[in-house]
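**Q** have a look at this fold, sequence not included:
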């Protein structure tokens, strides 16, 4: 997992970290059921504007019938340092693989625009899924994927709860709508396009344009950009358009889509209760809770965390990003730590056993990394490690270290 990880001195999660982590240790308790916490969205979220309500806009382009103007659009975007979203039909990708490659090589966000541009409101669930799947197959042949973002060919279906439910069931959680269309696809004059820009642009606007034969958008794009700048607007990119608040700031600090997390798969949603949030990304999740720092969890540690019940388990919310430790990696949570390595897999350690483990030096100690989760024994609880075990004896409230 190529997620940015802070470099720590070997053994830094050992004795020196024990005091700082002591507050996270607690007696062993059973994890409550996760319920609906951190669950997949029931419906796709429709976005007509970005979450950033400062004076920024996001440029987006839909392509289906022709790739005319694509080189011009990409050249203009590059010259202005703008990253855009491109909603491509599957048949466009099949017909124009070179243009598709150029679009993706520019760092654009790919959005599923169906295979052959039908009215989604008139399709059955099976037909909708077939359109999505066929388009995705075309993307994957060229080594790309939409990552669960969808833009309807026509605006008839965005508010349809049935469509948004069907999208979510196919793991499309972002329904990428727009604030206004320049109407360049109709061959509108540059004056008409600029008039619409002046009339309809609002903070956070998602502006829709089209390349293609007969479209006037590619030629008008330089003036669209200069007009927006003259109006005091800047440009954000689609990867950050769907993030906000503490999670958005964390994501940006990591490098956004260029980080190991990749692009967002969902918008921000409640992690458990009021005052909590989570957002899913291609390769991990970012968690926020009022009063706590914002942290990401990914890879095998995330899999273990979720298997235990996630934020509703005894582990609670993360208190650190994933960090390098001796022999592997670890994430600290409110109720314990999860350690991972390629050889041992991911295992939790918590309570009195964790306190003892850290006092010995953690993964940098003679014990090495955990090879089991904590489990019950006659005397209390036990965790196994690469070179020994720690038992928590309930009757005496003591931790006993065993080496082998």
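**A** Cool, got the structure. It should be emphasised that the depicted structure is a prediction, and the values quoted were computed from it without experimental measurement. Numbers count the residues shown, from 1 in each chain.

**Q** residue ranges of the helices in the stretch 151-300 of the chain, please?
**A** For the stretch 151-300 of the chain, applying DSSP state H, counting those that start in this stretch gives helices covering 161-169, 190-200, 217-230, 238-241, 245-254, 299-307.

**Q** oh, I was asking about the stretch 301-404 of the chain
**A** Counting by DSSP H, counting those that start in this stretch, the helices of the stretch 301-404 of the chain are 351-360.

**Q** circling back: so for residue 87, which of the helices of the stretch 151-300 of the chain sits nearest?
**A** With Cβ to Cβ, the closest approach to residue 87 among the helices of the stretch 151-300 of the chain belongs to helix 238-241: 10.2 Å. Every C-beta, even on glycine, is put in place using the N, C-alpha and C of the backbone.

**Q** run the chain-centre distance for that closest one.
**A** Here helix 238-241 shows a centroid-to-chain-centroid distance of 11 Å under the convention Cα atoms, centre = their mean, to the nearest Å.

**Q** quick revisit: please identify the most buried of the helices of the stretch 151-300 of the chain.
**A** The densest packing among the helices of the stretch 151-300 of the chain, expressed as mean neighbour count by mean count of other Cβ atoms under 10 Å, is seen in helix 238-241 with a mean of 24.

**Q** minimum distance to residue 290: which of the helices of the stretch 151-300 of the chain has it?
**A** Between residue 290 and these, the shortest gap by Cβ to Cβ is with helix 245-254, which sits at 9.3 Å.

**Q** chain center to that closest one: distance?
**A** 11 Å.

**Q** contact partners of that helix?
**A** Identification of contacts with helix 245-254 by Cβ atoms under 8 Å, 6 or more residues apart in numbering yields 4, 51-52, 240, 243, 259-261, 264, 268, 277-279, 281, 286, 288, 294-296.

**Q** let's see that with 10 Å instead.
**A** 3-4, 51-52, 239-244, 256-257, 259-261, 264, 267-268, 277-279, 281, 284-290, 292-296, 321 (Cβ atoms under 10 Å, 6 or more residues apart in numbering).

**Q** okay, domains of the chain per the record?
**A** In the domain annotation for the chain, the residue ranges read 15-40+244-403, 45-236 (automatic domain parsing).

**Q** rewinding a little: so which of the helices of the stretch 151-300 of the chain is nearest residue 136?
**A** Among the helices of the stretch 151-300 of the chain, helix 161-169 comes nearest to residue 136, with 12.6 Å by Cβ to Cβ.

**Q** returning to what we had before: could you save the helices of the stretch 151-300 of the chain as TSV and add columns showing mean pLDDT?
**A** What follows is these, written out as TSV (pLDDT from 0 to 100):
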stretch	mean pLDDT
helix 161-169	96
helix 190-200	99
helix 217-230	99
helix 238-241	98
helix 245-254	98
helix 299-307	98
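
**Q** weakest of the domains of the chain in terms of mean pLDDT?
**A** Comparing mean pLDDT over the domains of the chain, the weakest stretch is domain 15-40+244-403, at a mean of 90.

**Q** picking up where we left off before, export the helices of the stretch 151-300 of the chain to a markdown table and tack on distance to residue 317?
**A** Rendered in a markdown table, the data for the helices of the stretch 151-300 of the chain read as follows (distance: least, Cβ to Cβ, whole Å):
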| stretch | distance to residue 317 |
| --- | --- |
| helix 161-169 | 25 |
| helix 190-200 | 40 |
| helix 217-230 | 39 |
| helix 238-241 | 23 |
| helix 245-254 | 12 |
| helix 299-307 | 10 |
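
**Q** ok, which of those comes nearest residue 80?
**A** Using Cβ to Cβ as the criterion, the shortest distance between residue 80 and the helices of the stretch 151-300 of the chain is 5.4 Å, found for helix 217-230.

**Q** and the closest one, how far out from the chain middle?
**A** Between the mean C-alpha point of helix 217-230 and the mean C-alpha point of its chain there is a distance of 31 Å (Cα atoms, centre = their mean).

**Q** again with stretch 187-207
**A** The mean C-alpha position of stretch 187-207 is separated from the chain mean by 30 Å, Cα atoms, centre = their mean.

**Q** need the distance between the two termini of that stretch.
**A** Start-to-end span of stretch 187-207 (Cα to Cα, to the nearest Å) is 17 Å.

**Q** setting the sequence-adjacent residues aside, check what's closest to residue 49.
**A** Nearest non-adjacent residue to residue 49, counting by Cβ to Cβ, 6 or more residues apart in numbering: residue 204, 4.1 Å away.

**Q** for residue 119, same thing?
**A** Spatial nearest neighbour of residue 119, excluding adjacent residues (Cβ to Cβ, 6+ apart): residue 154 at 5.4 Å.

**Q** correct me, but that neighbour touches residue 123?
**A** No. The pair residue 154 and residue 123 fails to qualify as a contact (Cβ atoms under 10 Å) at a distance of 11.4 Å.

**Q** okay, and the common contacts of those two?
**A** Taking Cβ under 10 Å, 6+ apart as the contact rule, the neighbours common to residue 154 and residue 123 are residue 114.

**Q** can you pick out the residue with more neighbours from the two?
**A** Here residue 154 and residue 123 are compared on neighbour count by other Cβ atoms under 10 Å; more neighbours surround residue 123, at 17 against 13.

**Q** quick check: nearest residue in space to that one, chain neighbours excluded?
**A** Nearest residue to residue 123, sequence neighbours excluded (Cβ to Cβ, 6+ apart): residue 131, at 7.0 Å.

**Q** any idea how far the one you found is from residue 143?
**A** Counting by Cβ to Cβ, to the nearest Å, the gap from residue 131 to residue 143 is 21 Å.

**Q** lovely, talk soon.
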